[in-house]
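Asks: Give the three-dimensional model of this entry:
(one chain, ligands or ions: 1)
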Amino acid sequence: MKIPLCRPSIDNNEIKLVAKSLRSSWLTHGPYNQKFEQLFNKKFNIKYSIAMNSCTSALECAVKALGTKGEIIIPSFTWVSTANAVLNCGSKPIFADIDYKTRNISLNNIKKCVTNKTIAIIVVHFAGLPCDMTQISKFCKKNNIKIIEDSAETLGAKINSKYTGTFGTGCFSFFPTKNITTTEGGMLTTNDKKIYDYVKKLIAHGIDKNIKKKFWHRVAVLPGHNFRMPNHLAAIGYSQLKKIKKFNYSRNKIANLYNSELSKPFYKIDTPYIPKGYSHSYQMYTITVSAKIRDSLLNFLKKSNIEASAHFDPPLHLQKYLKKYNKIKLPVTEKLSREIITLPIFPDMTKKEVSYVIKCIKKFYKKNNL
Ligand SMILES: Cc1ncc(COP(=O)(O)O)c(C=O)c1O
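Replies: Numbers count the residues shown, from 1 in each chain. Now for the predicted structure:
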């Protein structure tokens with residue numbers, strides 16, 4: 001049996017919609033963008049959503065929309081895009097440590113990094129579990145610190161009834177491993193009309209569509225990008241988004257199967273922790289094991305044809321070009337990066353496939369007398 005880290009769930013409806021879009025004259029930004037964005041607003045209770053070509057672009061737009069440069073606090077336990085967005089906009093990333101149990105940045109971690117140059121924080125909801133946005137939002141409001149949510153891994157997760165991506169400027173990813181996919185793609189969400197108007201221009205060459213003295217005029221008002229999502233990819237997103245509840249339900253079911261077998265004290269494996277009132281979108285299913293055995297377990301799974309991985313090893317502050325930005329010790333991040341294992345999870349994963357992964361992990365423990 002061969003098990004990938006992720007197998008996207010693309011059905012006939014998506015294939016039909018792509019064909020329909022390609023047969024129409026809308027090969028770039030078109031009517032499906034609007035449909036996708038409107039459905040996003042409705043599903044997650046957001047005022048404005050803007051579909052674009054990646055979450056990385058959404059992060060860059062969110063940082064640029066701050067309108068000022070300075071220090072931006074981010075976790076080191078994330079994908080490089082989080083730091084790159086800060087650097088590419090001329091600000092400075094300040095790495096914060098995370099909480100061992102949730103694997104997320106906490107208010108305490110943030111407080112240790114705040115200076116009079118702090119302009120914003122980018123929280124990353126790791127693997128699909130929301131950060132403690134209730135406390136973080138309160139603190140940021142009081143201290144005039146803007147919030148950007150790197151929600152690449154957390155579409156459809158919420159704290160009580162409030163979805164991630166609605167506490168600040170939200171940035172979602174539709175890369176094939178994510179909760180829904182458009183192949184490549186991303187979404188920026190905001191409740192702030194000013195940010196919406198600015199980002200709409202920024203992703204489309206800086207053109208202000210409202211300024212038009214003559215019908216052929218395209219008036220550029222700022223140095224924009226071309227970050228737009230093409231119509232046929234928006235069509236995939238629109239169709240995928242309709243299934244988000246079903247997808248996340250399947251992911252939770254698979255996570256529960258893993259939990260029930262792997263959380264037995266005998267194995268000394270930590271399975272994901274979910275605080276009360278939180279939901280988890282399980283974009284990734286991660287466990288931690290002793291650092292002494294982590295690498296050999298990953299190698300064993302690879303030999304067993306299981307595509308497990310380690311998100312995120314190395315963490316960002318240990319990447320060569322980012323080391324100079326690290327000011328404090330990040331012991332929890334470093335410990336987790338040595339212990340973490342990402343196991344395969346995707347909505348169409350069968351019980352047989354989950355059982356095979358569990359069986360191989362058990363075999364590894366037995367073989368090594370652990
Ligand atoms: C936390 C985080 N941020 C940003 C990204 C980048 O997303 P995209 O590939 O859509 O640019 C990812 C994707 O892997 C991610 O996990």
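Asks: How much space separates the most centrally placed residue in the chain from the ligand?
Replies: Nearest to the geometric centre of the chain sits residue 152, at 1.6 Å (Cα atoms, centre = their mean). Distance of residue 152 to the ligand, computed by Cβ to the nearest ligand atom, to the nearest Å: 3 Å. C-beta: built from backbone N, CA, C; applies to glycine.
Asks: correct me, but that residue touches residue 80?
Replies: No. Between residue 152 and residue 80 there is no contact under Cβ atoms under 8 Å: 11.7 Å.
Asks: Work out for me the element the residue nearest to the centre of the chain sits within.
Replies: For residue 152, there is no host helix or strand (DSSP states H and E).
Asks: Likewise for residue 39?
Replies: helix 31-44.
Asks: Just the mean pLDDT for the helix or strand following that helix, thanks.
Replies: Moving toward the C-terminus from helix 31-44, the next helix or strand (DSSP H and E) is strand 48-52. What strand 48-52 shows for mean pLDDT is 98.
Asks: Now the element after strand 48-52, going C-ward?
Replies: Next along from strand 48-52, by DSSP H and E: helix 55-64.
Asks: what's the angle from that next one to strand 48-52?
Replies: 130 degrees (axes from the mean of the first three to the mean of the last three Cα atoms, to 10 degrees).
Asks: show me the contacts for the residue nearest to the centre of the chain.
Replies: 55, 79, 81, 124, 171-173, 175, 178, 186, 283 (Cβ atoms under 8 Å, 6 or more residues apart in numbering).
Asks: Sort out which of these are buried, if you could.
Replies: The neighbour count (16 or more other Cβ atoms under 10 Å) marks 55, 79, 81, 124, 171-173, 175, 178, 186, 283 as buried among the contacts of residue 152.
Asks: Of those, which are in range of the ligand?
Replies: Counting by Cβ under 6 Å from any ligand atom, 55, 79, 81, 124, 173, 175, 186 from the buried ones among the contacts of residue 152 sit close to the ligand.
Asks: Helix or strand: which one has residue 282?
Replies: Residue-wise, residue 282 maps onto no helix or strand under DSSP H and E.
Asks: wait, it sits on residue 254?
Replies: Yes. Contact criterion Cβ under 8 Å: residue 282 and residue 254 qualify, at 7.4 Å.
Asks: hey, what's in contact with both of those two?
Replies: residue 345.
Asks: OK, contacts around the closest residue to residue 65 other than its chain neighbours?
Replies: Once flanking residues are discounted, residue 65 sits nearest to residue 195: 4.8 Å by Cβ to Cβ, 6 or more residues apart in numbering. Applying Cβ under 8 Å, 6+ apart to residue 195 gives the contacts 48, 62, 65, 169.
Asks: okay, those in a markdown table with distance to the ligand and neighbour count next?
Replies: What follows is the contacts of residue 195, written out as a markdown table (distance: Cβ to the nearest ligand atom, whole Å; neighbours: other Cβ atoms under 10 Å):
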| residue | distance to the ligand | neighbour count |
| --- | --- | --- |
| 48 | 19 | 18 |
| 62 | 11 | 28 |
| 65 | 17 | 21 |
| 169 | 14 | 28 |
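Asks: pLDDT (mean, whole number) over the helix or strand containing residue 332?
Replies: Per DSSP H and E, residue 332 falls inside helix 331-339. Averaged across helix 331-339, pLDDT comes to 98.
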